[in-house]
Each structure stands twice: as C-alpha cells, then as structure tokens.
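Enquirer: this is a predicted model, with the sequence first.
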Amino acid sequence: MENKQPHIQLEQFDGVNRAIIVGDPARVTHIATYLDHVEEGAFNREFKSIVGEYKGQKLLVLSTGIGAPSTAIAIEELAQIGIETIIRVGSAGAMQRDISLGALLIAEGVVRDDGLTKKYVPENYPAVPSSTLLYLAKKHYPQAITGILRSHDGFYMEDNAEVEAYWSSKGVIGADMESGALLTIGRLRGLQTLSILNNVVGYQEDLSEGVNSLVNQESLIMSGEKESILLALTILSDKELEEA
Ligand SMILES: O=P(O)(O)O[C@H]1O[C@H](CO)[C@@H](O)[C@H]1O
Ligand SMILES: O=c1cc[nH]c(=O)[nH]1
C-alpha cells in the first residue's frame, strides 16, 4: 500500500520529528549547504524536500510555495508523518520604519488576515508560537525583532498602502503570507511552531523591488537569509528543546 502523503510525497522518516518550512524551493537547496548526510526527499508541485543532520540532529526541510492554502497542506501532511516541531524560515516586508534589510523578525503572534485559517477556527483564536521555541530564538539571537506579524493573502491589492498603514499604527512589525497558517493550524494539530522572517522590503518601499532583491541575492538580504537559516538550525538542535 502507498503510504506517501499525496502532496509532499513523503512518508515517515526514522527519527525525524523536526522540520523547517520555507516558501521558496530554492531555499531548500540553500539550507542543504549547512547540513550533513543530506538525502533528497521529493519534489512534487511546490513541495521540495530534503532530510539531513545539523550538529547530529536529524531534520526535514520542505518548501510550501506561497500562501496559506499550500502551507496548510504541508503542515497537515507533516503532522501525518510524525513531525512535531516546525520552524518557518521565510521572507517578509517591514511594517515599521526603523527595520533594516536583512533584520530578522520573529512572531510573538500573528494577525490572521488570510482567508483559510478562518475556515479552521474563528479569527479570535490566537495565532501564537511555542513559548519554548520563542525562548530559544531569543537566547540564540537576541538582536531579532520580536512582535506581532500580519499574514495576508493578496500581494497586489489596491488598498495595500492603507491596510499596511493601519496595521503599522497598531505596532505590527512585518508582513508575510504563511506565518498565520503555521501558528494556527500547527497549534490545532498539537505541534510546536515558530516563524523567523528575513526582512526584504523597507516599510512603504517598493514591494516588487524588495522581492526582486531577494531573487537577485543582494548582500544584506542574503545575509539575513543565512542568519535566519542558522538560527532555525541552532534552535532545532538545542538540547534544551529535547528537555522541554
Ligand atoms: O519567501 P517566502 O518564505 O515565500 O515568504 C514571503 O515571500 C512570498 C512573497 O514574495 C510569500 O510567500 C511571503 O510570505
Ligand atoms: O511585504 C511583503 C514582503 C514579502 N512578502 C510579503 O508577503 N509581504
């Protein structure tokens, strides 16, 4: 009988219960460069995966594509193959003026401005990370900017400027499209989750230009990507996580 999950095309790996998810399949290849004993998982649709070890800790890395629906599929299928802890390593746009390119934003909570998670549970259910993972993130990277993120569905909305100004005035630090789904659906499924985002766009600067800078591997942004990857790997291999 076929035991593979239908989208991620993976089945349970021996001894692997921790994962990193990323939006872009190319980021999986980048993360592989920091791992030992890398094995290919699968590459179906947007879901590219590898397994490997960081400082002796086995883990899975999987891309989820863009947005809540494909991320939700990935989380549900990861839970089915025994994954208990998931850290998202993504990119974001800053929502406050003083946040520099390549700074790391870590969610203490997420405004769920996506459509899908409201189908799971009303939006007054909070999207919050694992307190253990958040503590470990602050321990290893105290310079990260922690606060509330906003996850949305529409990259090219006509009212982006007004909507972002509103959430910025409420103190939201950054925007992405998947953290709300990870923290909400992960919590509903009993997983420990965290979201670490590399800032690729200054507040009120050109969104498309920022995302192009990520694609073109500009240096500040690539340094943020590297830091975000190393932080996630360090948290997932921290012995305190086992004890928690
Ligand atoms: O770089 P990733 O992880 O895909 O994250 C961000 O980039 C994409 C938009 O360009 C969205 O998925 C957004 O959340
Ligand atoms: O502003 C941004 C930048 C990257 N990704 C987003 O979702 N929003």
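Expert: Structure received. Ligands and ions are numbered 1, 2, ... in the order given.
Enquirer: only C-alpha atoms from now on, for both contacts and neighbour counts.
Expert: Noted.
Enquirer: which stretches in the protein count as strands?
Expert: 18-22, 36-44, 47-54, 57-63, 85-94, 104-113, 145-152, 174-176, 192-201 (DSSP state E).
Enquirer: export these to CSV and tack on distance to ligand 2 and mean pLDDT?
Expert: Compiled in CSV, the strands of the chain are given as follows (distance: least, C-alpha to the nearest ligand atom, whole Å; pLDDT from 0 to 100):
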stretch, distance to ligand 2, mean pLDDT
strand 18-22, 12, 98
strand 36-44, 23, 98
strand 47-54, 19, 98
strand 57-63, 15, 98
strand 85-94, 3, 98
strand 104-113, 11, 98
strand 145-152, 7, 98
strand 174-176, 3, 98
strand 192-201, 6, 98
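Enquirer: could you redo those as JSON lines and give each row mean neighbour count?
Expert: As requested, the strands of the chain are exported to JSON lines (neighbours: other C-alpha atoms under 10 Å):
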{"stretch": "strand 18-22", "mean neighbour count": "25"}
{"stretch": "strand 36-44", "mean neighbour count": "15"}
{"stretch": "strand 47-54", "mean neighbour count": "22"}
{"stretch": "strand 57-63", "mean neighbour count": "24"}
{"stretch": "strand 85-94", "mean neighbour count": "27"}
{"stretch": "strand 104-113", "mean neighbour count": "24"}
{"stretch": "strand 145-152", "mean neighbour count": "22"}
{"stretch": "strand 174-176", "mean neighbour count": "27"}
{"stretch": "strand 192-201", "mean neighbour count": "28"}
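Enquirer: dump those to JSON lines, plus distance to G186.
Expert: Converted to JSON lines, those look like this (distance: least, C-alpha to C-alpha, whole Å):
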{"stretch": "strand 18-22", "distance to G186": "12"}
{"stretch": "strand 36-44", "distance to G186": "22"}
{"stretch": "strand 47-54", "distance to G186": "18"}
{"stretch": "strand 57-63", "distance to G186": "15"}
{"stretch": "strand 85-94", "distance to G186": "8"}
{"stretch": "strand 104-113", "distance to G186": "13"}
{"stretch": "strand 145-152", "distance to G186": "15"}
{"stretch": "strand 174-176", "distance to G186": "17"}
{"stretch": "strand 192-201", "distance to G186": "6"}
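Enquirer: number of residues surrounding the closest residue to K55 other than its chain neighbours?
Expert: In this structure, K55 finds its nearest non-sequential neighbour in S237, 6.7 Å apart by C-alpha to C-alpha, 6 or more residues apart in numbering. S237: 19 surrounding residues under other C-alpha atoms under 10 Å.
Enquirer: report the contact partners of the residue nearest to G224 when sequence neighbours are not counted.
Expert: In this structure, G224 finds its nearest non-sequential neighbour in G102, 3.9 Å apart by C-alpha to C-alpha, 6+ apart. Neighbour list for G102: 198-200, 220-225 [criterion: C-alpha atoms under 8 Å, 6 or more residues apart in numbering].
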